[in-house]
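Chemist: I'd like to go over a predicted model; first the sequence, then the structure.
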Amino acid sequence: MSQHNSIELRLTGNKLSPGSLRSKEIAELIVAVEEMISAKVIVENPGLMKSEIVVGLSNVEDGSIRLQFTSSLEKLTSEATKSIALSIESQDFYSLPEESIKSLKSISEFTRNRDCNAELYELNGRKKLLAIITPETQILEYEPLIGETIIYGTVTRVGGANEEKPTIQFRTIDGKLIYCAANKANAKIAATHLYREIGLSGDAEWDAKTLEIQSFHVREITEYEDAPLSEAFQAIKDTYGNEFDAIEDVDAFVKELRHGV
């Protein structure tokens with residue numbers, strides 16, 4: 001078989017042999033490798049559709065368990081694989097999409113359950129070891145940022161199947177559509193403001209990477225007042241100016257907010 005621009009996942013361990021694994025376990029590893037790489041390719045190349053990216057099993061080598069993969073988008077998948085390998089070796093997964101991290105965790109869980117290593121290789125005329133996942137490898141996810149905030153926009157729908165836990169469909173002034181949890185009282189108030197601009201005050205969770213709101217729980221509904229940007233900044237300064245003045249190292253302050261370090 002040609003090893004031109006291929007990827008290999010090799011499983012090594014004293015108790016591993018092709019006959020010792022169920023077909024389902026092998027299938028799950030194959031899916032994990034494809035999802036891990038294709039998700040990274042899509043993030044780096046947003047113009048591509050997932051259906052265009054195939055990282056298919058091309059060969060199963062004799063001896064230790066070695067699964068080899070090829071792709072029609074060789075250059076892109078090769079770059080994605082190297083980036084993933086760098087994240088594994090540096091134990092820094094911040095640049096990886098959620099789908100890639102989820103797949104890595106599946107492979108990591110397999111190594112712990114089977115007490116083995118998963119070695120990731122690049123095959124391009126020669127064999128090069130890129131990274132090793134061991135039973136001790138920790139695939140870390142970034143926790144969402146949590147806090148209170150106010151979002152402004154337009155109520156586009158109110159309701160839901162659960163009357164006790166209604167949802168407010170809300171389009172923010174920058175065009176993002178957010179589904180907000182609310183109690184019945186706030187849902188009724190929001191319904192009277194349908195297709196009007198208002199403010200929703202409450203508790204939000206932000207994605208630590210994109211800083212986009214993942215979830216929002218409405219505590220209070222306020223009127224929206226359109227005002228010049230200069231007035232808005234002046235209001236922030238008047239309210240919080242002293243607190244901001246006390247921050248000497250802004251970069252360190254933001255890092256502590258995001259990562260707690």
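Modeler: Structure received.
Chemist: show me where the stretch 151-261 of the chain has strands.
Modeler: 167-172, 177-181, 197-206, 213-223 (DSSP state E, counting those that start in this stretch).
Chemist: check which helices and strands the second one is in contact with.
Modeler: Applying 3 or more CB pairs under 8 Å, 6 or more residues apart in numbering; DSSP states H and E, one finds that strand 177-181 makes contact with strand 145-159, strand 167-172, strand 213-223. Placement of C-beta: from N, CA and C, glycine included.
Chemist: poorly predicted segments of the protein, please.
Modeler: 1-4, 17-19, 60-64, 224-229, 231-233, 235-236, 239-241, 243-244, 254-255, 257-261 (pLDDT under 70).
Chemist: restrict the longest helix seen in it to CA atoms and write it as CSV.
Modeler: Criterion DSSP state H: the longest helix present in the chain is helix 23-44. Provided in CSV are the C-alpha atoms of helix 23-44 (Å, rounded to 0.1, in the frame of the first residue of the first chain):
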residue,chain,number,x,y,z
SER,A,23,-15.8,-4.9,16.1
LYS,A,24,-17.9,-2.1,17.8
GLU,A,25,-14.7,-0.8,19.6
ILE,A,26,-12.8,-0.7,16.3
ALA,A,27,-15.7,1.1,14.6
GLU,A,28,-15.9,3.7,17.4
LEU,A,29,-12.2,4.4,17.0
ILE,A,30,-12.5,4.8,13.3
VAL,A,31,-15.4,7.2,13.7
ALA,A,32,-13.5,9.2,16.4
VAL,A,33,-10.5,9.7,14.1
GLU,A,34,-12.6,10.9,11.2
GLU,A,35,-14.7,13.2,13.3
MET,A,36,-11.6,14.6,15.1
ILE,A,37,-9.9,15.5,11.9
SER,A,38,-12.9,16.7,9.8
ALA,A,39,-14.1,19.0,12.6
LYS,A,40,-10.7,20.7,12.6
VAL,A,41,-10.6,21.0,8.8
ILE,A,42,-14.1,22.7,8.8
VAL,A,43,-13.0,25.2,11.5
GLU,A,44,-9.9,26.1,9.5
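Chemist: would you mark the buried spots in it?
Modeler: Along helix 23-44, these residues count as buried under the neighbour rule (16 or more other CB atoms under 10 Å): 26, 28-30, 32-43.
Chemist: pull the most distant pair out of those residues.
Modeler: Ile26 and Val43 (26.9 Å; CB to CB).
Chemist: that older thread, any idea which of the strands of the stretch 151-261 of the chain is most buried?
Modeler: strand 167-172 (a mean of 19; mean count of other CB atoms under 10 Å).
Chemist: which among the helices and strands packed on strand 177-181 is found nearest to Ser106?
Modeler: Using CB to CB as the measure, strand 213-223 is the one of the helices and strands packed on strand 177-181 that comes nearest Ser106, at 22.3 Å.
Chemist: got the CA coordinates for the closest one in CSV?
Modeler: What follows is strand 213-223, C-alpha atoms only, in CSV (Å, rounded to 0.1, in the frame of the first residue of the first chain):
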residue,chain,number,x,y,z
ILE,A,213,-23.8,33.4,24.6
GLN,A,214,-24.6,29.7,24.9
SER,A,215,-27.5,30.1,27.3
PHE,A,216,-29.4,32.9,29.0
HIS,A,217,-31.9,33.0,31.9
VAL,A,218,-34.0,36.1,32.1
ARG,A,219,-34.3,37.7,35.5
GLU,A,220,-35.8,41.1,34.5
ILE,A,221,-37.1,42.9,31.4
THR,A,222,-36.2,46.5,30.8
GLU,A,223,-37.0,49.2,28.2
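Chemist: what's the spacing between stretch 171-186 and its chain's center?
Modeler: The chain centroid and the centroid of stretch 171-186 are separated by 22 Å under CA atoms, centre = their mean, to the nearest Å.
Chemist: just the endpoints, please. Distance across it?
Modeler: From its first residue to its last, stretch 171-186 covers 17 Å (CA to CA, to the nearest Å).
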